[in-house]
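A.B. asks: Give me a model of this one.
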Amino acid sequence: MDTTGQEPELRGGLNRGLGPLLQLRGCYAPGTDAQNDHTRREIMAALEQLQSEVACSLCLEDFKEPVSISCGHNFCRPCIELCWAKAEGNVLCPQCRETIPEGTFRPNRVLGNIAELVKRLQSEAATAAATPVGNAICARHQEPLKLFCQQDEAPICVICRESRDHQSHKVLPIEEAAKDCKKLIQSELQKLKRKRENAISRQLQDGLTIKQHLEKIEVERDLVVNEFDQLHQFEQKQKSLFLDELQKLQEEMEEKQKADAEKAGHLSTLIEDMETICQQSDSEFLQDIKNILRRSRDFQKPEFTSNFTPKLVAFSLQNAALKLTLKTFKETFASQLKEYEQQARAPELNDQLKGILLSTDSH
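C.D. replies: Got it, this is the predicted structure:
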């Protein structure tokens, strides 16, 4: 049977699991101290990854009598036989659904050996993880860790003590070093607890202060809205007055323009009438002379002349004054805001500002 298809997949899975174990070979010893905890965790993770590669996808447990089928997948022999016994028609791979000719398989003893090895390694690793620190042994020399190197801050064995790495270092018996380190830890622990108490106290105080500040922010927000509403109402009122005056002046000009046009029309009619009667006979001419002269004298009366120029000049000056006032207001407002902000940051004004805040809150 051709089983070449299974080799890359199986080899890749085993490499993923065995790779970390091979890299860590020689770095792990059962029951090592805290310095080797990281190595221990790496080994356990590698074993878990390797275990996933030697687990049957049907029963999800370690392989029992593993067999390989033509598509390259592996299963427990009892699992695949039970699966195919229930099949109707073509026999398929339970994992990739490929048709398996005649439902054949062959034992995979290598995979079975690996599954047993992984199970044994897991058992040893679990036993090592549960070994007390006091029974820790040196990963390099397999000797008990009875000494503590103060410079490297790590337990060592008597052989490590004589090596070049630790020969010039100061060492202590493991029990004495543990006692000193526990005292140091207790001292640091007390400092941290005091620091935590201060942080909690400061948090409570800051919480009350922040609550007061948040209430003050709401008050200030209402004041800002109220002041700007009043400013907006004043601006709208002045704007309406200004525009009303301009509208009134415009209407006066339009009425004057209309009156002038009507007067010009009446003058044209009078001129035409006077020219017409001058062409009449004497008796006809004199019959309407009184009315013609009255109409002519009415136009000769002095008229009231409207001079709109001074009013326009006044409006232009008012507009210029408004523009200058707004510009000054903007510049002064921004400058004062910046000045007040700087003053508020001055330490000598803190008490004064607190008094202002308290007096404002009391009102």
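A.B. asks: What's the mean pLDDT across the one helix or strand Glu124 maps to?
C.D. replies: Using DSSP states H and E, Glu124 sits within helix 109-129. Confidence over helix 109-129 (mean pLDDT, whole number) is 77.
A.B. asks: Following element in sequence after it, please.
C.D. replies: Downstream of helix 109-129, the first helix or strand assigned by DSSP H and E is strand 147-149.
A.B. asks: So what's the residue count around Ala136?
C.D. replies: Residues near Ala136, counting by other C-beta atoms under 10 Å, number 23. Glycine gets a C-beta too; all of them are placed from N, C-alpha and C.
A.B. asks: start at 59 instead
C.D. replies: Sure thing, new numbering starts at 59, so read that last one as Ala194.
A.B. asks: so how far is Pro213 from it?
C.D. replies: Noted for Ala194: a distance of 7 Å to Pro213, by C-beta to C-beta, to the nearest Å.
A.B. asks: How about Glu342?
C.D. replies: According to C-beta to C-beta, Glu342 and Pro213 sit 148 Å apart.
A.B. asks: more neighbours, those two?
C.D. replies: Using other C-beta under 10 Å as the criterion, Glu342 and Pro213 rank with Pro213 on top: 25 against 10.
A.B. asks: Following the chain onward from whichever helix or strand Cys137 is part of, which element is next?
C.D. replies: With elements taken from DSSP H and E, the one containing Cys137 is helix 135-143. Next helix or strand after helix 135-143 toward the C-terminus (DSSP H and E): strand 164-165.
A.B. asks: Are we agreed that Leu304 is in a strand?
C.D. replies: No - the assignment for Leu304 is helix, going by DSSP: H, G, I helix; E, B strand; the rest coil, so no strand is present there.
A.B. asks: which residues in the stretch 209-358 of the chain form strands?
C.D. replies: 212-214, 229-231 (DSSP state E, counting those that start in this stretch).
A.B. asks: Leu150 contacts Lys144, correct?
C.D. replies: No - taking contacts as C-beta atoms under 8 Å, Leu150 lies outside contact range of Lys144: 11.5 Å.
A.B. asks: Compare neighbour counts for the two and give me the winner.
C.D. replies: Using other C-beta under 10 Å, the more surrounded residue of Leu150 and Lys144 is Leu150, with 17 against 6.
A.B. asks: List the contacts of that one.
C.D. replies: Going by C-beta atoms under 8 Å, 6 or more residues apart in numbering, Leu150 touches 156-158.
A.B. asks: Mind doing that once more with 10 Å?
C.D. replies: Contact partners of Leu150, counting by C-beta atoms under 10 Å, 6 or more residues apart in numbering, are 127, 129, 141-142, 156-158, 161.
A.B. asks: And for Gln338?
C.D. replies: 344-346.
A.B. asks: For it, grab phi and psi.
C.D. replies: phi -80, psi 170 (degrees, to the nearest 10).
A.B. asks: ok, it to Asp346 distance?
C.D. replies: Distance, Gln338 to Asp346, using C-beta to C-beta: 9 Å.
A.B. asks: Is Gln200 in contact with Ile217, as I believe?
C.D. replies: Yes - assessed by C-beta atoms under 10 Å, Gln200 is found in contact with Ile217 at 9.4 Å.
A.B. asks: Give the other helices and strands that the helix holding Cys137 contacts.
C.D. replies: In terms of contacts (3 or more C-beta pairs under 10 Å, 6 or more residues apart in numbering; DSSP states H and E), helix 135-143 is packed against strand 124-126, strand 132-134.
A.B. asks: For Ala392, find the nearest of these.
C.D. replies: strand 132-134 (79.0 Å; C-beta to C-beta).
A.B. asks: Please point out which parts of the helix holding Cys137 sit buried.
C.D. replies: Buried residues in helix 135-143, counted by 16 or more other C-beta atoms under 10 Å: 135, 137-138, 141-142.
A.B. asks: wait, which of the residues you listed is closest to Arg260?
C.D. replies: Using C-beta to C-beta, the buried residues of helix 135-143 come closest to Arg260 at Cys137, 63.1 Å.
A.B. asks: Give me the pLDDT value at that closest one.
C.D. replies: pLDDT, Cys137: 90.
A.B. asks: And the one 4 residues further on, by the same measure?
C.D. replies: What the model reports as pLDDT for Cys141 is 86.
A.B. asks: Kindly report the same for His131.
C.D. replies: For His131, the predicted pLDDT is 89.
A.B. asks: same question, Glu146
C.D. replies: At Glu146, the model reports a pLDDT of 77.
A.B. asks: ok, now Gln345?
C.D. replies: 82.
A.B. asks: mean confidence score for the host helix or strand of Lys388?
C.D. replies: Secondary structure from DSSP H and E places Lys388 in helix 367-403. The average pLDDT within helix 367-403 is 83.
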